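[1] Need coordinates for the following:
(2 chains)
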2 protein chains.
Amino acid sequence: MARGCLSLKKQKVSNAVVGRLPRYFRRLDELYTNGVVRISSKDLGSSMGLTASQIRQDLSCFGEFGQQGYGYNVENLRREITDILGMNRKNTAVILGVGNLGRALIQNFSFARSGFTLTAAFDVNPSIVGSSINNIPVYSIDRLEQYLEGHPTKVGVLTVPRGEAQSLALRLQAAGVPGLWNFTSINAALLVPDMVVENVHFSDSLRTLSYHLSEGKESS
Amino acid sequence: MARGCLSLKKQKVSNAVVGRLPRYFRRLDELYTNGVVRISSKDLGSSMGLTASQIRQDLSCFGEFGQQGYGYNVENLRREITDILGMNRKNTAVILGVGNLGRALIQNFSFARSGFTLTAAFDVNPSIVGSSINNIPVYSIDRLEQYLEGHPTKVGVLTVPRGEAQSLALRLQAAGVPGLWNFTSINAALLVPDMVVENVHFSDSLRTLSYHLSEGKESS
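    Predicted structure coming up:
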């Protein structure tokens, strides 16, 4: 079994492979939705800007790798990656901060398609506390701990002003929330050593676009 | 000079290295802001979850690489990466779609810190057309082509409903805009073969968080 083999769940998977897993999922999900039954590593790679050998190395434990000429069964491989990404674990999330970005996520982002249920939102603004947005209740941030005690939650989504991020992260941690999805793009990392933090940096993406524009190359 | 050397601007830089450039920039910008003058590849690596040898390989053309024990000059390396990312080219952008997400970007995202000037926003909603948000004028989408003719623009930011994305991408392309920063997370890729497209997939980030939570590992 190859090094970095993904189905050895306990084995350390390289960061580079982990970084590609959501892209594999998206592509396989699209193929599956379109009724594609199987795909060769060459075709999967060319649609993702990867070489066939890179695909084969990343996915070396999946499907009919031994049967040259068959390729991957799309449904099986999609299911395996769903499992590895932990997307079938009925995760729950709450969102902190119902400004423009928080509202955009509540109204337009499908948490379900990543295996999450968004259960509540919190804000300080009295004009929205007590309302619902897209069937998600908006509570006062003062009720955060009380809510979390009754509703074990896997991820706190931070869409608050950046000055609020650190103290709210600590409150989430103290209330037993293990994960943070942080949109506040603060400069220094949040100091919550025992939490799993995923930071969204819009600037990384715009700078990547800037790079490809200045090189005249295609982005992905 | 090493393979993949970044200062050979014309040479193909691997996708993996390109993907790390904005992270290098962020880290170096933070160090620079904090007054740090130089940093070893070991320290730079450990703060980014990379090995010293990976850092050295990525940045093999920069600074005092030959002077073992010195490390990198933070200001110089930051300037080099700014240049490679094309962040000093006075790029311009317009934003299409002033819903929650568009408004969040106009109000809270610093285009300037990625070398961009946001010049205008476009929408169909008569209640906001003619207004300004954060000093950015909001025009009717009917005036898009007229505006672009007088204001050459490098990037169109798509924060419209996903059903509008393809036709607006084509209009931007026809008007000579070379780049798209696409937040509409449509399933299939936009069909604008001659444009440089950077897609923002919030779901990739949430699924990465899901992976690390199910593995009990730290994300980055």
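
[2] Just the pLDDT for residue A:162.
    Looking at residue A:162, its pLDDT is 89.

[3] So it sits against residue A:182, correct?
    No - under the contact definition of Cβ atoms under 8 Å, residue A:162 does not touch residue A:182, with a separation of 9.6 Å. Yep, even glycine has a C-beta here, placed from its N, CA and C like the rest.

[4] Compare neighbour counts for those two and give me the winner.
    Shown here are residue A:162 and residue A:182; by other Cβ atoms under 10 Å in any protein chain shown, residue A:182 has more neighbours (28 against 14).

[5] backbone phi and psi for the more buried one, please?
    For residue A:182, the backbone dihedrals (degrees, to the nearest 10) come out as phi -110, psi 110.

[6] Check the spacing between it and residue B:79 real quick.
    When distance is defined by Cβ to Cβ, to the nearest Å, residue A:182 is 28 Å away from residue B:79.

[7] lowest-confidence helix or strand of chain A?
    Averaged element by element with mean pLDDT, DSSP states H and E, chain A has its least confident helix or strand at helix A:52-58 (a mean of 86).

[8] Pull out the buried residues from that helix.
    Applying a neighbour-count criterion of 16 or more other Cβ atoms under 10 Å in any protein chain shown, the buried positions in helix A:52-58 are A:54, A:55, A:56, A:57, A:58.

[9] Can you name the residues that contact residue A:102?
    A:95, A:96, A:121, A:123, A:157, A:159 (Cβ atoms under 8 Å, 6 or more residues apart in numbering or on different chains).

[10] What's the first helix or strand after the helix or strand encompassing it?
    Using DSSP states H and E, residue A:102 sits in helix A:100-108. For helix A:100-108, the succeeding helix or strand toward the C-terminus, using DSSP H and E, is strand A:116-123.

[11] Sheet-wise, list the partners of that next one with their directions.
    In the sheet containing strand A:116-123, the strands it pairs with under DSSP bridges are strand A:91-96 (parallel), strand A:136-140 (parallel).

[12] and of the ones you listed, who's closest to residue B:101?
    Distances from residue B:101 to each of the strands paired with strand A:116-123 were compared using Cβ to Cβ; the shortest belongs to strand A:91-96, at 14.2 Å.

[13] Next, the angle helix A:100-108 makes with the closest one.
    On the basis of axes from the mean of the first three to the mean of the last three Cα atoms, to 10 degrees, strand A:91-96 is oriented at 140 degrees to helix A:100-108.

[14] rewinding a little: which secondary structure elements does the next helix or strand after the least confident helix or strand of chain A sit against?
    The first helix or strand that comes after helix A:52-58 along the chain, using DSSP H and E, is strand A:72-73. Applying 3 or more Cβ pairs under 8 Å, 6 or more residues apart in numbering or on different chains; DSSP states H and E, one finds that strand A:72-73 contacts strand A:38-39.

[15] List of residues touching the strand it packs on?
    With contacts defined as Cβ under 8 Å, 6+ apart, strand A:38-39 is touched by A:31, A:70, A:71, A:72, A:73, A:74.

[16] Of those, which is the nearest to chain B?
    Relative to chain B, the closest of the contacts of strand A:38-39 is residue A:31; by Cβ to the nearest Cβ it sits at 10.6 Å.

[17] PyMOL command for the buried members of the contacts of strand A:38-39?
    Burial among the contacts of strand A:38-39 is assessed by 16+ other Cβ under 10 Å; the matching PyMOL selection reads:
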select buried, chain A and resi 31+71+72+73+74
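
[18] Would you mind writing the CA trace of the least confident helix or strand of chain A as PDB?
    This file holds the C-alpha atoms of helix A:52-58, laid out as PDB (Å, rounded to 0.1, in the frame of the first residue of the first chain):
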ATOM      1  CA  ALA A  52      -2.500  11.200 -13.900                       C
ATOM      2  CA  SER A  53       0.400  10.000 -11.800                       C
ATOM      3  CA  GLN A  54      -0.300  12.700  -9.200                       C
ATOM      4  CA  ILE A  55      -3.900  11.500  -9.100                       C
ATOM      5  CA  ARG A  56      -2.800   7.800  -8.800                       C
ATOM      6  CA  GLN A  57      -0.400   8.700  -6.000                       C
ATOM      7  CA  ASP A  58      -3.000  10.600  -4.000                       C
END
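
[19] Determine the set of other helices and strands touching the helix or strand hosting residue A:21.
    Of the helices and strands defined by DSSP H and E, residue A:21 is found in helix A:15-33. On a contact count with 3+ Cβ pairs under 8 Å, 6+ apart, helix A:15-33 meets helix A:52-58, helix A:74-84, helix B:202-215.

[20] would you list these in a markdown table and tack on distance to residue B:178?
    Putting the helices and strands packed on helix A:15-33 into a markdown table (distance: least, Cβ to Cβ, whole Å) gives the following:
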| stretch | distance to residue B:178 |
| --- | --- |
| helix A:52-58 | 28 |
| helix A:74-84 | 34 |
| helix B:202-215 | 24 |
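
[21] Just name the most buried of those.
    With neighbours defined by mean count of other Cβ atoms under 10 Å in any protein chain shown, none of the helices and strands packed on helix A:15-33 is more surrounded on average than helix B:202-215, at a mean of 23.

[22] now the angle between strand A:116-123 and that one, please.
    In this structure, helix B:202-215 runs at an angle of 100 degrees to strand A:116-123, with the same axes, to 10 degrees as the basis.

[23] mean confidence score for helix B:202-215?
    93.

[24] what about that helix and chain A, any contact?
    Yes - against chain A, helix B:202-215 shows contacts by Cβ under 8 Å from any Cβ of the partner chain at B:202-215.

[25] between that helix and helix A:74-84, what angle do the directions make?
    Using the same axes, to 10 degrees, helix B:202-215 lies at 60 degrees relative to helix A:74-84.

[26] now what about helix B:202-215, what contacts it?
    The set of residues that contact helix B:202-215 without belonging to it, under Cβ under 8 Å, 6+ apart, is A:9, A:18-19, A:21-23, A:25-26, A:84-87, A:89, A:91, A:105, A:109-111, A:113-116, A:154-155, A:178-179, A:181, A:196, A:198, A:200, B:185, B:218-219.

[27] Repeat the analysis, applying 7 Å as the threshold.
    Helix B:202-215 has contacts (Cβ atoms under 7 Å, 6 or more residues apart in numbering or on different chains) with A:18, A:21-23, A:25, A:84-87, A:89, A:91, A:109, A:113-116, A:154-155, A:178-179, A:181, A:196, A:198, A:200, B:185, B:218-219.
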